[in-house]
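Student: Sequence and predicted model, in that order:
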Amino acid sequence: MGKIIIIGGGISGLCSAYYLVKEGHQVTVIDRGGISGGTSFINAGYITPSHFMSIAAPGMITKGLKWMFDSTSPLYIKPRLEIDFIKWAWLFKKSATSKRVAASVGILKELNLKSRDLYDQMFASSDFDFHYERKGLLMVYTSHKGEEEERALANRAVNEGLEVKCLNKEDLKITQPGFSDDVLGAVHYECDGHITPDQFMVNLKKWLIEKGADFQLHQEVVDVVASGNKITEVKTDKDSYLCSDVVLAAGSWTFSLAKKLGIYIPIQGGKGYSMDVKRETYISLPAILTEAKVAVTPMNGFTRFAGTMEFSGNNNYIRKERVNAIADAVHKYYNNLEINREERNSALSGLRPVSPDGLPYIGKTSKYNNLTIASGHAMMGFSLGPITGKLVQELISAEKPSVNLTPLDPERFK
Ligand SMILES: Cc1cc2nc3c(=O)[nH]c(=O)nc-3n(C[C@H](O)[C@H](O)[C@H](O)COP(=O)(O)OP(=O)(O)OC[C@H]3O[C@@H](n4cnc5c(N)ncnc54)[C@H](O)[C@@H]3O)c2cc1C
């Protein structure tokens with residue numbers, strides 16, 4: 001067996017390495033950072049069969065345009081005249097139809113459920129230690145409009161066969177004490193789970209090193225050398241590496257690397273922020289504060305508050321007004337819970353790799369038959385980490401993929 005180079009050590013890259021190493025492959029992970037922070041570390045850690053509706057939903061563009069000049073809104077698009085962004089936005093608008101959203105429900109649900117099963121298996125295997133719980137996710141609302149929307153979605157979820165319970169104000173107070181009187185109720189997606197992502201990433205990387213995976217860190221992949229339709233070498237700013245196969249899992253930077261290789265894989269970085277509160281919050285159940293679009297997760301020893309979707313290019317600039325919008329919303333939903341100045345100042349940002357139709361890109365490309373793409377997972381990259389890794393391993397081992405990969409074709413926007 002030859003050497004497989006994985007470009008990018010986020011959740012998609014590390015889970016690909018996990019399943020490839022288990023199959024006996026030799027793996028090198030190259031990352032321009034140290035795999036010690038970034039999107040796959042700072043996210044909300046939800047494992048989400050509940051997220052069966054694509055982000056490319058009708059009305060999103062209108063909402064984005066309406067909120068364009070409000071930098072505290074949950075969705076913010078920084079006005080800019082960049083051709084790649086304009087093309088992406090046009091493709092997003094084309095994808096955001098009821099028909100296409102309905103068509104993607106089945107595949108998103110299947111990917112999420114299969115990935116959750118793989119998390120169960122990983123946890124049971126004790127290969128490495130990580131915090132993982134299956135307590136579900138509360139979709140909490142404070143308005144009658146919110147209630148109407150969440151209940152409609154819950155009915156849809158029940159029809160999809162997911163375990164869902166509707167809770168009124170009194171039921172919710174028993175299930176999760178601490179919500180304020182403004183909260184009218186919630187939908188409890190009992191099918192969901194949650195994880196502490198930073199711990200998962202650190203311990204998976206450690207396990208991979210113990211199993212002989214090679215890590216080349218603080219090196220940026222800049223190009224490849226090809227012979228016919230095969231990549232033979234991956235070049236970084238420091239070195240070059242011979243390879244038998246390449247996995248491109250560079251998150252929001254996949255677009256620019258693929259472009260260099262002559263492959264069009266549209267992705268925009270959707271920035272989000274999170275901050276950790278390391279004192280007692282008495283929050284035991286993950287929740288999404290739906291009107292504010294804020295995610296709350298009780299993690300291993302702290303509570304994480306995350307949110308916002310900002311399209312302003314691939315940068316990690318922190319907009320204070322957006323961090324404050326997340327922190328201020330928490331006070332409305334929970335009794336006696338204020339996120340203080342120091343906690344707000346500790347906020348970090350990450351970039352979700354968002355495809356125009358809200359579906360990931362998993363598959364081989366026509367240009368190079370030894371290149372596999374694993375990217376574009378948007379808000380579900382952590383949830384879909386294991387199934388992505390499994391599919392990458394199946395593709396490289398020429399096994400029948402456990403999911404129909406046609407809707408995830410990396411060249412579907414060619
Ligand atoms: C605030 C927030 C909350 C979220 N909550 C959730 C959640 O609850 N559940 C969920 O499932 N998902 C969630 N997500 C989304 C999830 O975090 C992402 O989809 C996922 O982490 C993307 O993983 P990735 O491996 O594809 O990319 P990344 O984690 O971005 O990893 C890509 C890696 O590639 C490296 N790289 C890039 N270019 C190069 C290059 N040229 N050379 C070498 N290395 C390179 C980068 O350094 C990086 O380490 C959230 C995201 C945010 C921002």
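Tutor: It's in.
Student: what pLDDT, on average, does whichever strand or helix holds residue 106 get?
Tutor: For residue 106, the enclosing helix or strand under DSSP states H and E is helix 98-125. Helix 98-125 comes out with an average pLDDT of 95.
Student: From the contact counts, what lies against the next helix or strand after that helix?
Tutor: Per DSSP H and E, helix 98-125 leads on to strand 132-133 as the next helix or strand towards the C-terminus. On a contact count with 3 or more C-beta pairs under 8 Å, 6 or more residues apart in numbering; DSSP states H and E, strand 132-133 meets strand 193-195. Using the backbone N, CA and C atoms, a C-beta is placed for each residue, glycine as well.
Student: Rounded mean pLDDT for whichever helix or strand comes after the strand it packs on, please.
Tutor: Downstream of strand 193-195, the first helix or strand assigned by DSSP H and E is helix 197-210. For helix 197-210, the mean per-residue pLDDT is 98.
Student: how far out from the middle of the chain is helix 197-210?
Tutor: Here the centre of helix 197-210 is set off from its chain's centre by 18 Å, with C-alpha atoms, centre = their mean, to the nearest Å.
Student: Pop out the phi and psi values for the spatially most central residue of the chain.
Tutor: Central residue of the chain (C-alpha atoms, centre = their mean): residue 381, 2.6 Å from the mean position. For residue 381, the backbone dihedrals are phi -60, psi -40 (criterion: degrees, to the nearest 10).
Student: What separation is there between it and residue 252?
Tutor: Remark: distance between residue 381 and residue 252 (C-beta to C-beta, to the nearest Å) = 10 Å.
Student: Now do the shared contacts for these two.
Tutor: Both residue 381 and residue 252 are in contact with 39, 352, 353, where contact means C-beta atoms under 8 Å, 6 or more residues apart in numbering.
Student: so which of these also contact the ligand?
Tutor: On the criterion C-beta under 6 Å from any ligand atom, 39, 352, 353 are the entries of the shared contacts of residue 381 and residue 252 that sit beside the ligand.
Student: How about the contacts made by whatever residue of the stretch 301-414 of the chain ends up closest to the ligand?
Tutor: Nearest residue of the stretch 301-414 of the chain to the ligand: residue 381, at 2.0 Å (C-beta to the nearest ligand atom). Residue 381 makes contacts with 10, 11, 12, 39, 40, 43, 251, 352, 353, 360, as judged by C-beta under 8 Å, 6+ apart.
Student: how far away is the fifth one from residue 8?
Tutor: In other words, residue 40. Remark: distance between residue 40 and residue 8 (C-beta to C-beta) = 9 Å.
Student: Give me the more crowded residue out of these two.
Tutor: residue 8 (29 against 24; other C-beta atoms under 10 Å).
Student: hang on, the more buried one packs against residue 248?
Tutor: Yes. In this structure, residue 8 is within contact of residue 248 by C-beta atoms under 8 Å, at 7.3 Å.
Student: Next, residue 306: phi, psi?
Tutor: Here is the backbone geometry of residue 306 (degrees, to the nearest 10): phi -140, psi 160.
Student: What is whichever strand or helix holds residue 330 packed up against?
Tutor: Element membership of residue 330, judged by DSSP H and E, is helix 320-333. Here helix 320-333 touches strand 268-277, strand 287-289, strand 294-298, strand 303-311, helix 341-345, going by 3+ C-beta pairs under 8 Å, 6+ apart.
Student: at 10 Å what do you get?
Tutor: strand 75-77, strand 268-277, strand 287-289, strand 294-298, strand 303-311, helix 341-345, strand 348-354 (3 or more C-beta pairs under 10 Å, 6 or more residues apart in numbering; DSSP states H and E).
Student: ok, which residues in the stretch 1-150 of the chain are in contact with the ligand?
Tutor: Selection of the stretch 1-150 of the chain residues close to the ligand by C-beta under 6 Å from any ligand atom yields 7-13, 30-33, 38-40, 43-46, 48.
Student: again, only this time at 5 Å
Tutor: 8, 10, 11, 12, 31, 32, 33, 39, 40, 43, 44, 46 (C-beta under 5 Å from any ligand atom).
Student: Repeat that for the stretch 251-400 of the chain.
Tutor: 251, 253, 272, 274, 306, 350, 352, 377, 380, 381, 382, 383.
Student: Tally up the residues packed near the first one, please.
Tutor: Summarising burial for residue 251: neighbours were counted as other C-beta under 10 Å, giving 27.
Student: which residues of the stretch 1-150 of the chain score low on pLDDT?
Tutor: 1, 60-71 (pLDDT under 70).
Student: from it, which residue is nearest to the ligand?
Tutor: Residue nearest to the ligand within the stretch 1-150 of the chain: residue 10 (2.2 Å; C-beta to the nearest ligand atom).
Student: quick one, what contacts residue 352?
Tutor: Residue 352 makes contacts with 39, 43, 55, 251-252, 267-272, 309-310, 376-381, as judged by C-beta atoms under 10 Å, 6 or more residues apart in numbering.
Student: what do you get for residue 411?
Tutor: 258, 263, 264, 265, 361, 363, 364, 365, 366, 367, 373.
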